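S.K.: quick check, what structure comes out for this input:
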Amino acid sequence: MDIPVNSAQQIVDELGNVLLEKVSVMDGSGQIIASTDPERVGELHMGALRIIKNDLPILVEKESIPEKGIHAGINLPVLFEGKIAGVVGVTGDPEKLSKYAVVIQKMTEILLANTYQDRLLEKDKRRQPPLFNISGEISGRACFPPGKVRKKRGNGFNRFPVFVCVRQGVPTGCRRVRTELQSGG
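M.R.: You can find the predicted model right below:
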């Protein structure tokens, strides 16, 4: 599961303003996808890469080494279903930031779980056929002659008779259409 970029950016913007420190979120390949420092977005984050490759629970950098792109701070993995989906990092004194980094980590994990659940619900909605579509009956295209509407029984679904009454534009012989709907259960 990928961390949504727009949500990651919202997290770093909000928390960066509160902490007054630089906050970054990296994807599962170690690339910075959101940061309070826009120039870093798109760069490979070496600390995140170390966490991902070595399955580390935390990485603390006590000193900055600018020529290597290393900044003092704390980095934590973002887990989804037991696997590293990304990494969050906060630049600054690791001792002061450890509590905040854990909060950012947990918020990002919650966001990821919620995004996954939302996608599952959306997928379920698209898979389910519409319960009832009367557009054909209203336009007169699906009007059935008497005796041509078949009842289906015995397949285990509850069925409900539905009568569609249309006041205008009904062709002769189609005053009442009877159909059946399946219940969702």
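S.K.: next up, phi/psi of residue 85, please.
M.R.: When read as degrees, to the nearest 10, the backbone of residue 85 gives phi -100, psi -20.
S.K.: where are the low-confidence patches of the protein?
M.R.: 128-185 (pLDDT under 70).
S.K.: how about the helices in it?
M.R.: Ranges of helices within the chain are 5-19, 46-54, 94-127, 135-139, based on DSSP state H.
S.K.: so which of these is nearest residue 82?
M.R.: helix 94-127 (11.3 Å; Cβ to Cβ). For glycine as for every other residue, the C-beta is placed from the backbone atoms N, C-alpha and C.
S.K.: rewinding a little: select, out of the helices of the chain, the one closest to residue 33.
M.R.: Per Cβ to Cβ, nearest to residue 33 of those: helix 5-19, 5.0 Å.
S.K.: summarise which helices and strands that closest one is packed against.
M.R.: Here helix 5-19 touches strand 23-26, strand 32-35, helix 94-127, going by 3 or more Cβ pairs under 8 Å, 6 or more residues apart in numbering; DSSP states H and E.
S.K.: what residues does that helix touch?
M.R.: Defining contact as Cβ atoms under 8 Å, 6 or more residues apart in numbering, one finds that helix 5-19 is touched by 22-25, 33-36, 86, 90, 92, 97, 100, 103-104, 107-108, 111, 115.
S.K.: out of those, which are buried?
M.R.: Listed as buried from the contacts of helix 5-19 are 22-25, 33-36, 86, 90, 92, 97, 100, 104, 107-108, 111, 115; burial here means 16 or more other Cβ atoms under 10 Å.
S.K.: using CSV, lay out the helices and strands packed on helix 5-19 together with distance to residue 58.
M.R.: Shown next, in CSV, are the helices and strands packed on helix 5-19 (distance: least, Cβ to Cβ, whole Å):
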stretch, distance to residue 58
strand 23-26, 14
strand 32-35, 18
helix 94-127, 8
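S.K.: which of the ones you listed sits closest to residue 61?
M.R.: Nearest to residue 61, of all these, is helix 94-127, at 7.3 Å by Cβ to Cβ.
S.K.: by contact count, what packs against that closest one?
M.R.: Applying 3+ Cβ pairs under 8 Å, 6+ apart, we find helix 94-127 packed against helix 5-19, strand 73-80, strand 83-91.
S.K.: quick one, it and strand 83-91 angle?
M.R.: Here the directions of helix 94-127 and strand 83-91 differ by 140 degrees (axes from the mean of the first three to the mean of the last three Cα atoms, to 10 degrees).
S.K.: buried sites along helix 94-127?
M.R.: Going by 16+ other Cβ under 10 Å, helix 94-127 has these buried residues: 94, 97, 100-101, 104-105, 107-109, 111-112, 115.
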